[in-house]
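Engineer: curious how this folds, go ahead:
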Amino acid sequence: MADPSVSGPRVRTVPAGDTRVRLTCPECGFVAYENPKVVVGSVAVHDGRVLLCRRAIMPRAGCWTLPAGFLELGETAEEGALREAMEEAGARLVLEGILGVYSIAHIGQVQVIFRARLLNPLSIGPTEESSEVGLFGWEEIPWDYIAFPSVRWALGHWRESAGAASWPARGTPRPA
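Structural biologist: Residues are numbered from 1 along each chain as shown. Predicted coordinates:
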């Protein structure tokens, strides 16, 4: 008989009818599916200048990023993007639509990035998560200190859609 103090998903195996190794419980057959995390954020703009945050936290502390972070249970992607902008930059935004959806399989993330308008540039400032925030024209963006490849992708996609009344959501760029 199995030890009742040791239970739950703890064995990695391919469950019947599946094609991937999963964490399972040998007693009851429960499968603990491990799925990607969803990150939400925005390319927020005021007068043609993009809001960027200098990270005060790891990973990539000291580098610049978009206001973005993990979606919380019970919130929509839109609510999460608005919350992240407030938490990381004190920014209130109006979301204009999805700019891109980036799948980053090697770290288990799907990033949903919105195009947004910053309501009040005087309200932005550092937070516990950002040591510095600022609005940058395209030529002023600190490209050598951008935290993540997806930030570059989103900024490029924003530039391609700037001024457009509508735009197709972009995906993860494929290597050349």
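
Engineer: now do the same for the residue nearest the centre of the chain: its pLDDT.
Structural biologist: Geometric centre of the chain, nearest residue: V39, 2.9 Å, by CA atoms, centre = their mean. Reported pLDDT at V39 in the predicted model: 98.

Engineer: before we move on, which element is it in?
Structural biologist: strand 37-46 (DSSP states H and E).

Engineer: would you map the strands across this structure?
Structural biologist: Per DSSP state E, the chain carries strands over the ranges 11-13, 22-24, 31-32, 37-46, 49-55, 64-65, 68-70, 93-104, 109-118, 130-136, 170-171.

Engineer: contact partners of the fourth one?
Structural biologist: Residues outside strand 37-46 that contact it (CB atoms under 8 Å, 6 or more residues apart in numbering) are 50-51, 66-71, 77, 80-81, 84-85, 91, 93, 95, 99, 108-118, 121, 135, 154-155, 157-158. All C-beta spots, glycine's among them, are computed from the backbone N, C-alpha and C.

Engineer: the nearest residue to C25 once chain neighbours are set aside and V38, how far apart?
Structural biologist: For C25, ignoring the flanking residues on the chain, the nearest one in space by CB to CB, 6 or more residues apart in numbering is P9 at 4.8 Å. P9 is 22 Å from V38, where distance means CB to CB, to the nearest Å.

Engineer: same question for G17.
Structural biologist: Relative to V38, G17 is positioned 26 Å away (CB to CB).

Engineer: which one of those two is surrounded by more residues?
Structural biologist: V38 (15 against 5; other CB atoms under 10 Å).

Engineer: report the contact partners of the closest residue to the residue nearest to the centre of the chain other than its chain neighbours.
Structural biologist: Nearest non-adjacent residue to V39, counting by CB to CB, 6+ apart: Q111, 4.3 Å away. Residues counted as contacts of Q111 (CB under 8 Å, 6+ apart) are 38-41, 68, 100-104, 150.
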